[in-house]
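Trainee: Quick one, what's the 3D model for this:
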Amino acid sequence: CTIFSLFLFLAFFSHPSVDDFCLAVSFRASGLENLFDVVSDYYRNWNSRYFSILLIGVFSNYLDLIEDYHFAPLLLFIGWVISSCVFLKSIFDESRLFVVATVALAFCTFYVLTMPNISTGFYWMTSAFMYQTGNIMAMGVLACMIRLGTTKYTYFYTLVAALLIFASIGSSELYVVFMVILLAAVTAYFIFTQKHRPGIWVFLLV
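Mentor: Reported below is the predicted structural model:
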């Protein structure tokens, strides 16, 4: 908690730079009602990171880029801990929530301490939204995939997994590759073994 709180404290000293302003101008000039048009334009002309660009657009329109900039790393840190807690809880379902949350916090702290460049990883909004949101969504996907084998609410977790997959592959190209390989392998396994409704996994892969 002591180590992690120091990184949260540093969030209040982060400031927007370079691409933050370029993206903010694009979204603010078009207005909130044209948010998806700007995302679509970036998707067709710049890169395929539609979800992270959408988050940047929402942040730029609803919050002050200068005064509220510290909320970006704070939200990402909190989102990282929550998603890792959900992921670990799906594996160790019988464990107490306090224990799982403690391990999740330790996991996040270790991740932050071993990052090659934490400034672009969490404190620079444009880069952080493009890479850390993919991590957060991917852990949610893995949690849902595990739950699909242990719960009776199959269709609910399938829908949530599909939405998280859509978000994760729209955060970074790395997660397009990761999700395709992961889901292709899992789908092939269930088709070959004819276990656990292979149609669900085909749907998720598609």
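Trainee: Which residue, other than its chain neighbours, is closest to residue 144?
Mentor: Computed as Cβ to Cβ, 6 or more residues apart in numbering, the closest residue to residue 144 that is not its neighbour in sequence is residue 161, at 3.7 Å. Placement of C-beta: from N, CA and C, glycine included.
Trainee: for residue 42, that is, sorry about that
Mentor: residue 53 (5.1 Å).
Trainee: Which strands or helices does the helix or strand harbouring the one you found pack on?
Mentor: Per DSSP states H and E: residue 53 is located in helix 50-62. Helices and strands touching helix 50-62, by 3 or more Cβ pairs under 8 Å, 6 or more residues apart in numbering; DSSP states H and E, are helix 19-30, helix 35-45, helix 125-148, helix 154-169.
Trainee: So for stretch 112-132, first residue to last residue, what's the gap.
Mentor: 11 Å (Cα to Cα, to the nearest Å).
Trainee: Quick check: buried residues in that stretch?
Mentor: Residues of stretch 112-132 classed as buried: 112, 118, 121-132 (neighbour count, 16 or more other Cβ atoms under 10 Å).
Trainee: can you pull the pLDDT of residue 109?
Mentor: Note for residue 109: predicted pLDDT of 93.
Trainee: Quick check, it in contact with residue 4.
Mentor: Yes. Counting by Cβ atoms under 8 Å, residue 109 does reach residue 4; the two are 4.9 Å apart.
Trainee: Overlap in contacts, those two.
Mentor: With Cβ atoms under 8 Å, 6 or more residues apart in numbering applied, the contact sets of residue 109 and residue 4 do not overlap.
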